[in-house]
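Asks: Show me the folded form of this:
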Amino acid sequence: MATPKDSLSQTLTRFYLLAGRIVGKSIHCGVQGAVFIEASVSCIMADILKQPNNEVLRKLLPCSLLCSNPAEESPQVVVQANIFSCGGIAISLCLLHKLMDGATFTSFLTSWASTSKGSLDSSSNMICYDYKAFSSLFPQTNLLPFHQNLAKPTDRKHCLRRFVFRSKSLLNLKAKAKSRAVPNPSCVEALTGFIWKHAMMAADCQGSSTLSHVVNLRGRMKPALPEVSVGNIRWGAVAHSSAMERLELRALVGLLRQSFEEINKDYIERTLIGSDKGFEAVLKFVGEMNKWGMSNYYFCTSWRNMKLNEVDFGWGRPVWIAIAGDTNEMMANVIVLLDGVMGDGIEAWILLYEKEMEILQQNPQFLDFFP
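Replies: Residues are numbered from 1 along each chain as shown. Model prediction:
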């Protein structure tokens, strides 16, 4: 069995684009590679697992979310192996999002773990990485620096909290979310609609609101792209709620279902694929975000069914997967859904403004879904 550091180097030979540095519109693949750090933690892992806290978890990260280094000096992958006094190990990663989405991250992590325990062989699909999306489907263009305006600095403090929705609670939510338009809501649809509703209530949202949910485009294309295709091959399914709909769970779930169904083969070919189409669609999307205003805008991404709980470096499956970071470096109104521990339910990590999080945590209708 290879060490995590050695297996990381081997994995980067297959994900060679992730080992380079992004300079302008090009990736310079030199010998820089990734950054690997080992750290000793003077406590036992059980102390952290008993009551997970973002302020503690962020100390296990190898770097800050905001990097002051020039882009050409910034690695795309920074890893820290945290070794606890009990012998437990927590692997933390900071990844540059310019070239990686959730599917790329999962492929990379799975390949790295398989290499570490010596189970990646020449017949594995995990060595067949597909880079054609860069040159053919999404060619280069002269992008404007629109991204600099998305998360404007604010004096309002942010708060990140973890909420665990057990299987029984999810079944109850799905039952409440059913309607003629959506007779079979998924767990993600029901839970996203539920959190969206109560986040709007906490923010005292009087008018309309917008929620964008990340959609993996690979399987929606015709022909479908392999899941191991590297890149940010994703889009946002956008749902707008009016003042009348914002407190009705069935209506919100209906809006979410409609937004998901709109991201189909025809939409992708008509709107996204091609040098001019994709560029124009991104600019339009960002322009609409600025028009709607970030105060009533929510962003959701689901990491469910990515099999992160099955990633095994040779020490057995992880007991827990989590996110962490400096909350004031993050955009507010973010929802991240992960598979619960041992496959029981869903963990929702919610980032709101501090005052709105206090209101959410005191809402009895929200708390009813926790055992």
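Asks: Tell me how far Lys265 lies from Arg220.
Replies: 7 Å (Cβ to Cβ, to the nearest Å). C-beta coordinates here come from the backbone N, C-alpha and C atoms, glycine included.
Asks: Sorry, wrong one. I was asking about Trp196.
Replies: With distances taken as Cβ to Cβ, Trp196 is found 23 Å from Arg220.
Asks: Now do whatever helix or strand Ala348 lives in, average pLDDT.
Replies: For Ala348, the host element (DSSP states H and E) is strand 346-353. Strand 346-353 comes out with an average pLDDT of 96.
Asks: ok, Lys265 and Arg220, which is more surrounded?
Replies: Shown here are Lys265 and Arg220; by other Cβ atoms under 10 Å, Arg220 has more neighbours (17 against 12).
Asks: Quick one: residues contacting the more buried one.
Replies: With Cβ atoms under 8 Å, 6 or more residues apart in numbering as the criterion, the residues that contact Arg220 are 263-265, 268.
Asks: would JSON lines of these with pLDDT, distance to Lys307 and secondary structure be doable?
Replies: As requested, these are arranged in JSON lines below (pLDDT from 0 to 100; distance: Cβ to Cβ, whole Å; DSSP: H, G, I helix; E, B strand; the rest coil):
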{"residue": "Ile263", "pLDDT": "92", "distance to Lys307": "23", "secondary structure": "coil"}
{"residue": "Asn264", "pLDDT": "90", "distance to Lys307": "25", "secondary structure": "coil"}
{"residue": "Lys265", "pLDDT": "86", "distance to Lys307": "26", "secondary structure": "helix"}
{"residue": "Ile268", "pLDDT": "84", "distance to Lys307": "25", "secondary structure": "helix"}
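Asks: so what pLDDT did the nearest residue to Leu61 once chain neighbours are set aside get?
Replies: Once flanking residues are discounted, Leu61 sits nearest to Ser92: 5.2 Å by Cβ to Cβ, 6 or more residues apart in numbering. The predicted structure scores Ser92 at 95 on the pLDDT scale.
Asks: Now tell me what touches the strand or helix carrying Ser92 from outside.
Replies: Following DSSP H and E, the helix or strand that holds Ser92 is strand 89-95. In this structure, residues lying in contact with strand 89-95 by Cβ under 8 Å, 6+ apart are 4, 41, 45, 60-63, 65, 76-84, 105, 109, 313, 315, 324.
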